[in-house]
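> only the shape, not the letters, is given here:
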């Protein structure tokens with residue numbers, strides 16, 4: 001009868017845990033406390049760096065885009081309101097310089113082109129369209145000045161604006 005009782009205890013213990021596994025030691029469980037938080041922080045920091053850089057780069061590109069669009073629009077407006085073409089070119093270039101300087105971009109690096117489809121007689125004729133295009137390269141942030149990387153790690157942004165000369169131009 002004693003043998004039967006012993007056999008029941010062994011079979012009950014075998015039913016609780018799979019064969020070949022030892023029971024857990026409470027010290028092993030305590031040694032792993034807090035490791036999930038450490039893994040979460042480490043993984044979060046690894047993923048947070050590129051995410052922050054992406055946000056900063058997108059902000060720089062958006063600022064450049066707004067600067068170029070505003071510069072083209074203001075240059076076209078100033079051009080059509082000028083009294084003659086010499087003053088119009090000077091004022092348009094100055095408007096581009098001011099607009100780009102407001103966003104912290106180098107105005108000397110900008111390419112400005114003014115187009116008017118008027119044949120002879122100049123661009124400032126009544127109801128003629130003046131198109132101003134401004135193009136600039138925006139460098140990505142945190143790019144070092146080594147081996148001309150800023151020129152290769154820059155993105156060109158271009159904006160075009162068209163204004164029509166007033167039908168009352170020249171009657172002032």
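Arrived safely. Keep in mind it's a predicted model, so treat the numbers as computed, not measured.
> mind checking how far residue 73 is from residue 96?
10 Å (CB to CB, to the nearest Å). To be clear about C-beta, it is placed using only N, CA and C from the backbone, and glycine gets the same treatment.
> of these two, which one has the most company?
Neighbour count, other CB atoms under 10 Å: between residue 73 and residue 96, residue 96 has more, with 25 against 19.
> not counting sequence-adjacent ones, nearest residue to that one?
residue 71 (4.5 Å; CB to CB, 6 or more residues apart in numbering).
> right, and that neighbour touches residue 110 too?
Yes: the criterion here is CB atoms under 8 Å, and residue 71 meets it with residue 110 at 7.3 Å.
> joint contacts of these two?
Common contacts of residue 71 and residue 110, defined by CB atoms under 8 Å, 6 or more residues apart in numbering, comprise 96, 100, 134.
> which one of those residues sits closest to residue 62?
Distance to residue 62 across these (CB to CB) is lowest for residue 100, with 14.7 Å.
> what's the distance between that closest one and residue 85?
Residue 100 is 23 Å from residue 85, by CB to CB.
> looking at these two, which one has more neighbours?
Using other CB under 10 Å, the more surrounded residue of residue 100 and residue 85 is residue 100, with 22 against 14.
> nearest residue to the more buried one other than its sequence neighbours?
Nearest non-adjacent residue to residue 100, counting by CB to CB, 6+ apart: residue 107, 4.3 Å away.
> name the SS class of residue 135, please.
Look at residue 135: counting by DSSP: H, G, I helix; E, B strand; the rest coil, its state is strand.
> beta partners for it?
Residues in a beta bridge with residue 135, per DSSP bridges, are residue 111, residue 158.
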